[in-house]
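Colleague: What follows is a predicted protein model with its sequence.
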Amino acid sequence: MVLNNIEELLEKYDNAETSLQEEVQLGAYFKSDNVAAHLEHYKPMFQYFSQSQKEQYTKDVPLNTKKTTRLYQWISVAAVTVLMLGIAIPNWSSSPKTLAAYTPEEQQMYLETKQALAMLSNTFNDGASSYSNLGLVSKNFNDGLEKASHITEFSEITNNLLKN
């Protein structure tokens, strides 16, 4: 009866379903001298577990964190300062100029540039609509190919019927 219980516990242990109490039972069984012969290969594993629980790390680990944390503090202060200056300096300049504040030549260049960009935008929009028309043609072509494949199937069926 005890052997059946141990085998069931081992099966649960292999499936990672055992509780801590069941694992203690397994450890106690494999520490004893009356382990079944077909379970002997588990004995070294449980002996290792019991020995590794007794191990302790006794070496001191020195912690010198004051020097590195002060360095990181100064780096973070410098980074925040740079970010704040990057945000504040562009805002110190005067308010943006209106179109009337520029010379007549600059105003003329601005208007010509605006006109050229508007023309480019219109041309681009025309090209985009042509592209959507191309997609519609492609869809219609694919539909036609699909219908043509039905005709070839019909042709094959009629040829088979006429041969018989």
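Modeller: The structure has been received and is ready for your questions. Residues are numbered from 1 along each chain as shown.
Colleague: so what are the domain limits for this protein?
Modeller: As given by automatic domain parsing, the domain ranges for the chain are 2-53, 101-157.
Colleague: Outside of stretch 43-59 itself, which residues are in contact with it?
Modeller: Identification of contacts with stretch 43-59 by Cβ atoms under 8 Å, 6 or more residues apart in numbering yields 26-27, 30-31, 35. (Each C-beta comes from the backbone N, C-alpha and C, glycine too.)
Colleague: what comes up buried for that stretch?
Modeller: Residues of stretch 43-59 classed as buried: residue 46 (neighbour count, 16 or more other Cβ atoms under 10 Å).
Colleague: looking at the domains of the chain, which is buried most?
Modeller: domain 2-53 (a mean of 12; mean count of other Cβ atoms under 10 Å).
Colleague: average model confidence for the longest helix along the chain?
Modeller: Criterion DSSP state H: the longest helix present in the chain is helix 104-163. Averaging pLDDT along helix 104-163 yields 80.
Colleague: How far off centre is that helix?
Modeller: 36 Å (Cα atoms, centre = their mean, to the nearest Å).
Colleague: Likewise for stretch 152-164?
Modeller: With Cα atoms, centre = their mean, you get 55 Å for stretch 152-164.
Colleague: do stretch 38-52 as well
Modeller: Relative to its chain's centre, stretch 38-52 lies at 41 Å (Cα atoms, centre = their mean).
Colleague: so after the helix or strand containing residue 50, what's the next helix or strand?
Modeller: Counting by DSSP states H and E, the element that carries residue 50 is helix 43-54. With elements assigned by DSSP H and E, the helix or strand that comes after helix 43-54 is helix 66-92.
Colleague: now that following helix: mean pLDDT?
Modeller: Computed over helix 66-92, the average pLDDT equals 81.
Colleague: So what's the gap between it and the chain middle?
Modeller: Computed by Cα atoms, centre = their mean, the chain-centroid distance of helix 66-92 equals 31 Å.
Colleague: That one - contacts with which helices or strands?
Modeller: Under the contact definition 3 or more Cβ pairs under 8 Å, 6 or more residues apart in numbering; DSSP states H and E, helix 66-92 sits against no other helix or strand.
Colleague: Give me the buried positions along it.
Modeller: Under 16+ other Cβ under 10 Å, helix 66-92 has no buried positions.
Colleague: Could you list the alpha-carbon positions for stretch 142-159 in CSV?
Modeller: Coordinates of each C-alpha in stretch 142-159 appear next as CSV, following Å, rounded to 0.1, in the frame of the first residue of the first chain:
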residue,chain,number,x,y,z
ASN,A,142,-10.4,39.7,-62.0
ASP,A,143,-14.2,39.1,-62.0
GLY,A,144,-14.1,38.6,-65.8
LEU,A,145,-11.3,36.0,-65.4
GLU,A,146,-13.3,34.1,-62.8
LYS,A,147,-16.3,34.0,-65.1
ALA,A,148,-14.1,32.8,-68.0
SER,A,149,-12.9,29.9,-65.9
HIS,A,150,-16.6,28.8,-65.5
ILE,A,151,-16.9,28.8,-69.3
THR,A,152,-13.9,26.5,-69.6
GLU,A,153,-15.5,24.1,-67.0
PHE,A,154,-18.7,24.2,-69.0
SER,A,155,-16.8,23.4,-72.2
GLU,A,156,-15.1,20.4,-70.6
ILE,A,157,-18.3,19.0,-69.3
THR,A,158,-20.1,19.4,-72.7
ASN,A,159,-17.1,17.7,-74.4
